[in-house]
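>>> this one's structure only:
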Ligand SMILES: [Zn+2]
Ligand SMILES: [Zn+2]
Ligand SMILES: [Zn+2]
């Protein structure tokens, strides 16, 4: 235990000159009652100090723009590793972020599809093959003796203008003839074209009559045509009736039928974060319209990508098909691809055998943190705080970084006991990779598995902020002052049960609930009692309660039809004499949309306080009304920060 993070004299918020030593490369839990200062120590002292040091590594120019960056109120933090915070803030993520992009699964998929994917024609859907010059020569020689053939290089395809520069360039390169809009013409003097019309220009590379021994000449002409035609060449053959018939060949991926040639496919071609890949209509968002009235983009069907991305397949799946799968399904499918891949010495098989293992292991980490049910294209904005945090944890496990200090705020919040255990084993893996893991945690089962516990308290707010005990779980259990220790050791007297009789007839009955993964669910929720709905992650708790029961019940109680309020279809039934008249949802969503919202403004206490101040003698003498005491409006609020109390510095220039 000689490698320690030493904190001396921490005074942020209610911490009172806290001194504590925390072992590195261990699983450490910081605990204590609500308001004891746990999160302050983890996030605002240890993590903030780690970030501040990162910022000190910036150039002076970059740093000068961060003059306002406060030093945390702490005398000394020593032995700190580079810190990464795996938080639950899902609201702050980019609009295009999905589960696949945030875990880097998408970038690996893009590499795989761009390098070894099979490209299909956007017109007719057939697989596109590119032809080598030798293969085209073979085709020409197979046309038969005495056949008259022209080799043309397409230079301009249906473009408006006189094309004078094109003709000059071709003449300079030594070409004598061109085919303009289907007619053969001399290049000197250049043909006169109507500048208002579209024209097509093909350079005439060679005119031959097929016979034996032409191989080397054809080879030269084909290569020249492909160079002049940027990878494309037209073979025009005289037909028995005297007409000419064109076939387009390409050394790149092109469809001869549709005369469509695929642009080079790069990983960014498959990215909705890149202008080259993003659907032009929704700019890669997958949805169109104003916030609140959004609908799926009809051009890309919500896939966020241009049509081309769906024309690239691997084992008959496009990247869009894969991203529509759940983590579990994708894991199974990609594992299958990996098993069936053979090292045949080609560059393709090398890419497959390099990229697929990364993908399979990252999907495995997502399963291990209990997110097997999420689809890869799930927008991170719609993830719950816990799901967001566990996705980032899976990403951290997949990154394979070592020597990092990971800080997690209550990672087990809202988790079923089964899922908590999976999470702990992931945290142990992160530690065993050579990292320090620091949790703010309440869950007793998790605390028992920590290597070290820092217990703050003894109470909350002014009665907190002190170190009660710091050591292995046994030390904490043995500490008589520690409330946490008493709980861990089972010394707390259990509260006597005050269970009520449940009357089965006095209940709200829900039938045929089918939202998300609910399957024709029928359930009775007894009234007048405390009732718990539980189940592992993804089992449908939220779909049942906040997705179905609450909106349906409040709609019916307020006399509206369910169809009118867009609530999910299900049947609801409750006894006449239930006395039910209102549903109140107490969830964890933030209280106010305004950054100035505080507990005092939310509960309207502040309005009363402002009135009291406006009644004082001095306020009346100065003519101040209650608005003078509001930080929400002028003239009360501070002009510099518009009443926020802090100023945000744009960080876009950070590396
Ligand atoms: Zn085609
Ligand atoms: Zn779109
Ligand atoms: Zn201010």
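That came through, no problem. Since we're looking at a predicted model, the values are computed, not measured. Ligands and ions are numbered 1, 2, ... in the order given.

>>> which positions within stretch 340-349 qualify as buried?
residue 341 (16 or more other Cβ atoms under 10 Å). Where C-beta positions appear, they are placed from N, C-alpha and C, glycine not excepted.

>>> same question, stretch 294-307
297, 300, 302, 303, 304, 305, 306.

>>> give the contact list for the second one.
What that stands for is residue 300. 279, 281, 282, 286, 306, 307 (Cβ atoms under 8 Å, 6 or more residues apart in numbering).

>>> these two touch, right, the fourth one and residue 295?
Read that as residue 286. No - using Cβ atoms under 8 Å, residue 286 is not in contact with residue 295; the gap is 10.4 Å.

>>> list the buried residues for the helix or strand in which residue 363 is found?
Residue 363 belongs to helix 347-368 when assigned by DSSP states H and E. Residues of helix 347-368 classed as buried: 352, 355-356, 358-360, 362-368 (neighbour count, 16+ other Cβ under 10 Å).

>>> any low-confidence regions in the stretch 101-250 of the chain?
Along the stretch 101-250 of the chain, the model assigns pLDDT under 70 to no residue.

>>> which stretches of it form helices?
105-116, 133-141, 164-172, 215-228 (DSSP state H, counting those that start in this stretch).

>>> so which residues on this protein come close to ligand 3?
Proximity of the chain to ligand 3 (Cβ under 5 Å from the ion) is limited to residues 638, 640, 641.

>>> in TSV, list the helices of the stretch 101-250 of the chain along with mean neighbour count.
Shown next, in TSV, are these (neighbours: other Cβ atoms under 10 Å):
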stretch	mean neighbour count
helix 105-116	22
helix 133-141	17
helix 164-172	16
helix 215-228	18
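
>>> so which of those gets nearest ligand 2?
Nearest of these to ligand 2, taken as Cβ to the ion: helix 105-116 at 16.6 Å.

>>> ok, and what's touching the closest one?
Residues from elsewhere that reach helix 105-116 (Cβ under 8 Å, 6+ apart): 98-101, 265-271, 312-314, 318-319, 322-323, 348, 351-352, 355-356, 358-359, 362-363, 376.

>>> about what we covered before: tell me the one of the residues of the chain next to ligand 3 nearest residue 6?
residue 641 (34.5 Å; Cβ to Cβ).

>>> residues contacting residue 485?
455, 469, 476, 477, 478, 479, 491.

>>> just residue 255 next, same as before
Counting by Cβ under 8 Å, 6+ apart, the residues that residue 255 touches are 121, 123, 124, 126, 128, 261.

>>> ok, residue 466 to ligand 3 distance?
With the distance defined as Cβ to the ion, to the nearest Å, residue 466 ends up 31 Å from ligand 3.

>>> and the residue of the stretch 351-500 of the chain nearest ligand 2?
Closest point on the stretch 351-500 of the chain to ligand 2, by Cβ to the ion, is residue 377, at 13.0 Å.

>>> distance of that residue relative to residue 628?
From residue 377 across to residue 628, the span is 51 Å (Cβ to Cβ, to the nearest Å).

>>> of the two, which one has the most company?
residue 377 (21 against 17; other Cβ atoms under 10 Å).

>>> tell me the SS of the more buried one?
Secondary structure assignment for residue 377 (DSSP: H, G, I helix; E, B strand; the rest coil): coil.

>>> so how many other residues sit close to the nearest residue to it once chain neighbours are set aside?
Excluding the flanking residues, the one nearest residue 377 by Cβ to Cβ, 6 or more residues apart in numbering is residue 323, at 4.1 Å. Using other Cβ under 10 Å, residue 323 has 23 other residues around it.

>>> tabulate the residues of the chain next to ligand 3 (TSV), appending neighbour count, secondary structure and pLDDT.
Putting these into TSV (neighbours: other Cβ atoms under 10 Å; DSSP: H, G, I helix; E, B strand; the rest coil; pLDDT from 0 to 100) gives the following:
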residue	neighbour count	secondary structure	pLDDT
638	10	coil	89
640	8	coil	85
641	14	coil	85
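
>>> out of those, who's nearest ligand 2?
Using Cβ to the ion, these come closest to ligand 2 at residue 641, 38.4 Å.

>>> got phi/psi on the residue in the stretch 501-650 of the chain that ligand 1 sits nearest to?
Closest contact between the stretch 501-650 of the chain and ligand 1, by Cβ to the ion, is at residue 516 (39.3 Å). For residue 516, the backbone dihedrals are phi 50, psi -120 (criterion: degrees, to the nearest 10).

>>> quick one: pLDDT of it?
Looking at residue 516, its pLDDT stands at 78.

>>> related to what we said a few turns ago, so how far is the helix holding residue 363 off the chain centroid?
Distance, stretch centre to chain centre, for helix 347-368: 18 Å (Cα atoms, centre = their mean, to the nearest Å).

>>> next: stretch 184-202.
51 Å.
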